[in-house]
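Enquirer: How does the following fold in three dimensions:
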Amino acid sequence: MERVSIVRKWHRVAGALLLAFTFAIANPSKAQPGDPVNGQKIFLEKCKKCHGEDGSGNTNFGKSLRAADLRSADVQKKTDADFYLQIDKGKKNMPPFGASLDKTQINDVIAYVRQFGKK
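Expert: Modelled structure (predicted):
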């Protein structure tokens, strides 16, 4: 009887760990804070065309696509998870960058974009 009880407890522990691990994998946006200096380099290479150097979206291309003003309160109130998902998978007129940027680079861009809200 006692052996069966111990096995059941270990099954529960293993199940809980598996569930926690699955949740962690499914939520990559919970990653470490990014480096805004590196994020700026990536932003200028990948995002400037639409969002502009200042994040306003006030470029010819950005206006035609209705690119978000990254300085606005509405954008800045989004969670890092929201930003991560949008950069990774894309949304509306914004293309996905998950194939060309790794997790660290996406977090770096998020850290840089957060600075627009502080100006």
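Enquirer: pLDDT below threshold where in the protein?
Expert: For the chain, the stretches with pLDDT under 70 are 1-11, 13-32.
Enquirer: where along it do the helices fall?
Expert: Using DSSP state H, the helices assigned to the chain run over residues 2-26, 36-46, 48-51, 60-65, 73-76, 80-89, 103-116.
Enquirer: Give me the helices and strands touching the third one, please.
Expert: Pointing back at helix 48-51 there. Packing partners of helix 48-51 (3 or more C-beta pairs under 8 Å, 6 or more residues apart in numbering; DSSP states H and E): helix 60-65. Every C-beta, even on glycine, is put in place using the N, C-alpha and C of the backbone.
Enquirer: Please spell out which residues along the helix it packs on are buried.
Expert: Gly62, Leu65 (16 or more other C-beta atoms under 10 Å).
Enquirer: what do you get for stretch 112-119?
Expert: Across stretch 112-119, burial judged by 16+ other C-beta under 10 Å covers Tyr112, Val113, Arg114, Phe116.
Enquirer: will you turn those residues into TSV that also has distance to Leu44?
Expert: Formatted as TSV, the buried residues of stretch 112-119 follow (distance: C-beta to C-beta, whole Å):
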residue	distance to Leu44
Tyr112	9
Val113	12
Arg114	16
Phe116	13
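Enquirer: List just the nearest of the residues you listed to Met94.
Expert: Taking C-beta to C-beta as the measure, Met94 sits nearest to Val113 out of the buried residues of stretch 112-119, at 12.6 Å.
Enquirer: For that closest one, which non-adjacent residue is closest in space?
Expert: Sequence neighbours aside, Leu70 is the residue nearest to Val113 in space, at 5.3 Å (criterion: C-beta to C-beta, 6 or more residues apart in numbering).
Enquirer: Nearest the geometric middle of the chain, what residue?
Expert: Nearest to the mean C-alpha position of the chain, counting by C-alpha atoms, centre = their mean, stands Tyr84 at 1.3 Å.
Enquirer: hmm, back to that, so which pair among the buried residues of stretch 112-119 is furthest apart in space?
Expert: Tyr112 and Phe116 (8.0 Å).
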